[in-house]
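J.: Model the structure of this input:
(one chain, ligands or ions: 1)
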Amino acid sequence: MTIEENKELKDLTTFRIGGPARFFVRVTSGQELTDALDFAREKNLPLFILGGGSNILVSDEGFSGLVIKIEIGGIEIKDVPEDSTIQEVIVGAGVVWDELVGYVVEKNLYGLENLSYIPGTVGAAPVQNIGAYGTEARETIAWVETVNGATGEIKVFTNAECQFAYRDSFFKKTEGKNYVVTRVAFHLKKQGIVNTSYKDLAEYIKSNNLTDVDLGMVRDMVVAIRKHKLPDVKEVGTAGSFFKNPIISRELSAHLHQEFPLLPEYEVDAERVKVSAAWMLDNLCGMKGHVDGAVAIHERQALVIVNKNNATAQEIKNLAQKMINCVKEKTSITLEQEVLYI
Ligand code: EPU
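T.: Model (predicted):
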């Protein structure tokens, strides 16, 4: 394990923006993680845990603590004695998310296929409860193994203890930020039913006249749709959706629908609904494809900010603020970032 100093973080993030880390280390095992945490504790350094770097914006000044990049690998598939219909898939936090999805789809295990082609690593899946095309990671996560960054103790969280919500979990709360994810276990079905009800999937099936849609086909469709709608993080500097879809009261939603009847709305609970941030930015603010110097909003998805040409973090933040201001003015809703600022 080598601790590097003044490490450039830019190329470790998909936005390809930001200053250096004072200290940086890659860890490939629980032991290395413990050693890295000891180093941070001895020097009283703030910590940042890095996975695929696909949902963060590093400030232009960089990070004045220790960045630990989690590279703990391994995928293990086990039977579950009390339930013969599922298998437990235990995965190292550093495994690339889409490699896991490809692997389990090949093994004919159901549950992750709609989450194909999401950038990032497995460790981030429980932290922000990744979701796409009608599925969220919380539906299949059985337990999450962590190390407490402050005490070095290992703690395994059950699904309920993770307190999952839309793009949210215990690990995002102040107390939860102490815990570093080392392994995640998923319970996947040996025989399942594919979920193709999300608008984009249903339309794809219809327009391509597909029948008998199976697991592999769902994966292929999701990859095709994502490739079409979202910029490829290998080619374009971006962190995907920049904001969360806001969750608002049914009362406010009803009020907004009087003025904007087409605003897409999704069920949350008895009191609340989720509305589409992309739709508002596109249809109320006309911001799709908007270019602002070195930064821009993607031409096919108004929720996605792109770094067009060596942008600074400040330029991204300025554009984000314009987007927040516009939606606030038109709807009274304050958009909340999905991307984490460091
Ligand atoms: N829409 C527009 N204009 C746009 C984009 C979308 O009017 O520029 C409309 C669409 O027609 C649709 C609605 O807005 O009616 C929602 O669009 P979409 O299906 O693209 O999904 P989203 O809500 O914008 C969410 C996730 C994505 C995920 C997609 C697909 C969040 C913050 N984002 O986007 O996740 O891939 O659904 O399930 O929940 C990410 O988190 O980084 C991410 C890309």
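J.: count of neighbours near the residue of the stretch 201-342 of the chain found nearest the ligand?
T.: Closest contact between the stretch 201-342 of the chain and the ligand, by Cβ to the nearest ligand atom, is at residue 240 (2.6 Å). All C-beta atoms are positioned from the backbone trio N, CA, C, and that covers glycine. Close neighbours of residue 240, defined as other Cβ atoms under 10 Å, add up to 24.
J.: which other helices and strands contact the helix or strand that it is a member of?
T.: Per DSSP states H and E: residue 240 is located in strand 237-241. If contacts are counted by 3 or more Cβ pairs under 8 Å, 6 or more residues apart in numbering; DSSP states H and E, strand 237-241 sits against strand 304-307.
J.: pLDDT (mean, whole number) over the strand it packs on?
T.: Average pLDDT, strand 304-307: 98.
J.: Quick check: the gap between residue 124 and residue 305.
T.: Distance, residue 124 to residue 305, by Cβ to Cβ, to the nearest Å: 19 Å.
J.: residue ranges for the helices of this structure, please.
T.: Using DSSP state H, the helices of the chain run over 30-42, 97-106, 124-127, 199-207, 215-229, 250-259, 277-279, 313-331.
J.: and the third one, average pLDDT?
T.: Read it as helix 124-127. For helix 124-127, the per-residue pLDDT averages 98.
J.: List the buried residues for it?
T.: Judged by neighbour count (16 or more other Cβ atoms under 10 Å), helix 124-127 contains these buried residues: 124-127.
J.: how about the CA coordinates for that helix, as CSV?
T.: Presented in CSV, the C-alpha positions along helix 124-127 are these (Å, rounded to 0.1, in the frame of the first residue of the first chain):
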residue,chain,number,x,y,z
ALA,A,124,-21.6,3.3,-4.1
ALA,A,125,-24.8,1.2,-4.9
PRO,A,126,-26.0,1.1,-1.3
VAL,A,127,-24.8,4.6,-0.4
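J.: confidence score at the closest residue to the ligand within the stretch 1-150 of the chain?
T.: Closest residue of the stretch 1-150 of the chain to the ligand, Cβ to the nearest ligand atom: residue 132 (3.8 Å). pLDDT recorded at residue 132 is 97.
J.: who are the neighbours in contact with it?
T.: Listed by Cβ atoms under 8 Å, 6 or more residues apart in numbering, the contact partners of residue 132 are 114-115, 118, 222, 226.
J.: Based on its surroundings, how many neighbours for the nearest residue to residue 179 once chain neighbours are set aside?
T.: Computed as Cβ to Cβ, 6 or more residues apart in numbering, the closest residue to residue 179 that is not its neighbour in sequence is residue 146, at 3.9 Å. A count of nearby residues for residue 146, using other Cβ under 10 Å, gives 23.
J.: One more: the one 10 residues further on?
T.: Close neighbours of residue 156, defined as other Cβ under 10 Å, add up to 12.
J.: Next: the one 10 residues further on.
T.: If you count neighbours by other Cβ under 10 Å, residue 166 ends up with 15.
J.: same question, residue 336
T.: 13.
J.: cool, the one 4 residues further on as well?
T.: Residue 340 is surrounded by 15 other residues when neighbours are defined as other Cβ under 10 Å.
J.: any idea how far residue 124 is from it?
T.: To residue 124, residue 340 is 10 Å away according to Cβ to Cβ.
J.: Now do the shared contacts for those two.
T.: The contact sets of residue 340 and residue 124 overlap at residue 55 (Cβ under 8 Å, 6+ apart).
J.: What residues does the most centrally placed residue in the chain make contact with?
T.: By Cα atoms, centre = their mean, the mean C-alpha position of the chain lies nearest to residue 130, the distance being 4.6 Å. Counting by Cβ under 8 Å, 6+ apart, residue 130 makes contact with 97, 115, 118, 120, 124, 136-137, 167.
J.: same thing with residue 237?
T.: Contacts of residue 237 by Cβ under 8 Å, 6+ apart are 14-17, 306-308, 311.
J.: Which of these sits closest to residue 142?
T.: For those, the residue nearest residue 142 by Cβ to Cβ is residue 14; the value is 28.3 Å.
J.: who touches the closest one in this structure?
T.: 52-54, 119, 233, 237-239.
J.: ok, now residue 186?
T.: Per Cβ under 8 Å, 6+ apart, neighbours of residue 186: 88-89, 91, 104, 111-112, 140-142.
J.: still on that earlier bit, correct me, but the residue nearest to residue 179 touches residue 177?
T.: No: under the contact definition of Cβ atoms under 8 Å, residue 146 does not touch residue 177, with a separation of 11.1 Å.
J.: For the stretch 201-342 of the chain, which residues are neighbours of the ligand?
T.: By Cβ under 6 Å from any ligand atom, the residues of the stretch 201-342 of the chain that approach the ligand are 229-230, 240-241, 244-245, 264, 276, 278-279, 282-283, 288, 301-303, 338.
J.: ok, 5 Å please
T.: Residues of the stretch 201-342 of the chain lying close to the ligand (Cβ under 5 Å from any ligand atom) are 240-241, 244-245, 264, 276, 278-279, 282, 288, 301-303.
J.: can you list the residues of the stretch 51-200 of the chain near the ligand?
T.: Looking at the ligand, the residues of the stretch 51-200 of the chain close enough under Cβ under 5 Å from any ligand atom are 132-133.
J.: In the stretch 51-200 of the chain, where is pLDDT below threshold?
T.: Within the stretch 51-200 of the chain, no stretch has pLDDT under 70.
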